[in-house]
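>>> Sequence first, predicted model second:
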Amino acid sequence: MRLSVPSSQAGGDAPAPAPSPRDQGVRFGGRFRAWALVGAVVWTVFLVPVARDAWALGGLRAALSLASLYVFVAAYLVTLVWRQGRRVAPRGSRSTDPGTVPAYTGLALGAGVVTLLVHPGGIACFVYVAVAGIFLFPQWVALIQSAALALGTEALARLVPGWSDARGIGLSVFLASFAVWGIAQAIGRSMDLVAAQEENAQLMVGQERTRMARDLHDILGHSLTVITVKAELAGRMLDAGGEARVARARAELNDVERLSRDALADVRRTVEGYRDLTLPGEIARARVALEAAEIDATLPGTAEEVPSQWRELFAWTVREGVTNVVRHSGARHCTVSLAADHVSVADDGRGCPGHSGEVGNGLVGLRERAAASGARVVTQSRTDGGFVLTVHAPGPPAATEPAAVEGRRRPASGRSPQVVS
């Protein structure tokens, strides 16, 4: 019987949906508003000559010119910072706010009024109009409006009599637009990176929830099924009566208690953050690792027959054995055999090269763990190709040759068995 866990319930509540590009833009753009305001204010220093020319006009015209210039600067700053907070979004987003075109049109009209009142110096305001367009419009529209303003302002400077001092303004518009476009692209790439990092973090959380759900399924699925069957059997034995059947029911209930305690211990280890290994969890991870390495696997479907005191040691054995199979063996098939008093990991790979005394750090650590528990570690390079790692729990001597490896075998290599205990 296989229990299924819906993905929406794998780790509790389903993860929240990813924010939309617009929501990400509003969220991430706020942190740049202060810096955008500082940069925009510093940028307006190039309008000081225009203010000086307006002051030199004197009288009512000077007052109107200065007021128009101040209104234009204020509108430029407000528009740029307002749009900056919304423009900083993934660059794939090309939506335009309803206020974009009116804001741009107002800036262009303001620049035109300043130019008419303070000519030819006021034409410099169109540099700021082009810069604002870079942030207000999608990429290609922004570049087109910048080119149009550069050509238009240069044409005015060359065609209008008395405006020769403004010649070269088109180049200024082009260079300013290009510089700000590069800054906007850098900001966009930074926001793409931030959005990708957040998405990756959400994916990692989802994967962790899925992994925990898979481990809980492997831990509890078979245990709960066996508990249910044994409880039903005990109930029938008690209903039938008779001393023998009552004794059988008592034995079944004892098994139910043991299975429940073992399952509870495994679940506690899992939800506490995988501080301790669990045998069902290691079997599940072995299945994933062998599948990823394209190695055929024969794995036990349950770990209930292993006593609780040996489960952690056997879990370490499965982890170390499967890790060696994936990394070093070159095997095509791997079999994990499990019993109450031993566990073995066998493969049909190259076996153990070199001398029997040459073992890796993983096996050394496993042997130390086994020795601390009174268990024995046996490694064997098979004559027909392959390697076997076995751990025997304390008890009557067990055969050093575990169950034969199921699946395909390579031709015998002529190697003699090598046993390290």
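Alright, I've got the coordinates.

>>> Now do the SS call for Thr335.
strand (DSSP: H, G, I helix; E, B strand; the rest coil).

>>> Surely it touches Val325?
No - the criterion here is C-beta atoms under 8 Å, and Thr335 misses it with Val325 at 9.9 Å. Every C-beta, even on glycine, is put in place using the N, C-alpha and C of the backbone.

>>> Compare neighbour counts for the two and give me the winner.
The neighbour count for Thr335 versus Val325, taken as other C-beta atoms under 10 Å, is higher for Val325 (29 against 23).

>>> thinking again about what came up before, kindly point out which residues are neighbours of both of Thr335 and Val325.
Counting by C-beta atoms under 8 Å, 6 or more residues apart in numbering, the residues touching both Thr335 and Val325 are Val345, Asp347.

>>> and Ile283, how far is that from Met191?
Ile283 sits 44 Å away from Met191, going by C-beta to C-beta, to the nearest Å.

>>> Strands along the stretch 251-400 of the chain, start to end?
Per DSSP state E, counting those that start in this stretch, the stretch 251-400 of the chain carries strands over the ranges 296-298, 333-338, 342-347, 376-381, 387-392.

>>> The third one pairs with which strands, and in what direction?
So that's strand 342-347. Paired strands of strand 342-347, with direction, are strand 333-338 (antiparallel), strand 387-392 (antiparallel) (DSSP bridges).

>>> what does stretch 236-249 rub up against?
Leu233, Ala234, Gly235, Glu252.

>>> Tabulate the strands of the stretch 251-400 of the chain (TSV), appending mean pLDDT.
Listed next are those as TSV, based on pLDDT from 0 to 100:
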stretch	mean pLDDT
strand 296-298	91
strand 333-338	93
strand 342-347	93
strand 376-381	90
strand 387-392	92
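
>>> Low-confidence bits of this structure, can you list those?
Along the chain, segments meeting pLDDT under 70 span 1-37, 83-96, 215, 218-219, 221-222, 269-277, 352-361, 396-421.

>>> The residue most central in space within it in helix, strand or coil?
Residue closest to the average C-alpha location in the chain (C-alpha atoms, centre = their mean): Asn200, at 2.8 Å. Here Asn200 is recorded as helix under three-state DSSP.

>>> distance of it from Leu193?
With distances taken as C-beta to C-beta, Asn200 is found 10 Å from Leu193.

>>> who touches both of those two?
By C-beta under 8 Å, 6+ apart, no residue touches both Asn200 and Leu193.

>>> Only the C-alpha atoms, please, for stretch 109-127, written as CSV.
The C-alpha trace of stretch 109-127 is given here as CSV (Å, rounded to 0.1, in the frame of the first residue of the first chain):
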residue,chain,number,x,y,z
LEU,A,109,5.8,72.0,-22.2
GLY,A,110,7.6,73.4,-19.1
ALA,A,111,10.9,73.1,-20.9
GLY,A,112,9.4,74.9,-23.9
VAL,A,113,8.1,77.8,-21.7
VAL,A,114,11.5,78.2,-20.1
THR,A,115,13.1,78.2,-23.5
LEU,A,116,10.8,80.9,-24.8
LEU,A,117,11.4,83.1,-21.8
VAL,A,118,15.1,82.5,-21.5
HIS,A,119,16.6,81.9,-24.9
PRO,A,120,18.7,80.4,-26.0
GLY,A,121,20.0,79.1,-22.7
GLY,A,122,16.6,77.6,-21.6
ILE,A,123,16.9,75.0,-24.3
ALA,A,124,19.1,73.1,-21.8
CYS,A,125,15.9,72.0,-20.1
PHE,A,126,15.3,69.5,-22.9
VAL,A,127,18.3,67.5,-21.6
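
>>> contacting residues around that stretch?
So stretch 109-127 is in contact with 46-47, 49-50, 53-54, 57, 61, 64-65, 68-69, 71-72, 75, 108, 128-129, 149, 152-153, 156-157, 160, 162-163, 165-166, 169, 172-173, 176, going by C-beta under 8 Å, 6+ apart.

>>> any chance you could map the helices in the stretch 101-250 of the chain?
125-136, 139-159, 169-240, 243-271 (DSSP state H, counting those that start in this stretch).

>>> looking at those, which is buried most?
helix 125-136 (a mean of 25; mean count of other C-beta atoms under 10 Å).

>>> Tell me how far that one lies from the chain's centre.
Centroid separation for helix 125-136 versus its chain: 38 Å, with C-alpha atoms, centre = their mean, to the nearest Å.

>>> same question, stretch 382-393
The chain centre lies 38 Å from the centre of stretch 382-393; the measure is C-alpha atoms, centre = their mean.

>>> Pull out the buried positions in that stretch.
Arg382, Gly385, Gly386, Phe387, Val388, Leu389, Thr390, Val391, His392, Ala393 (16 or more other C-beta atoms under 10 Å).
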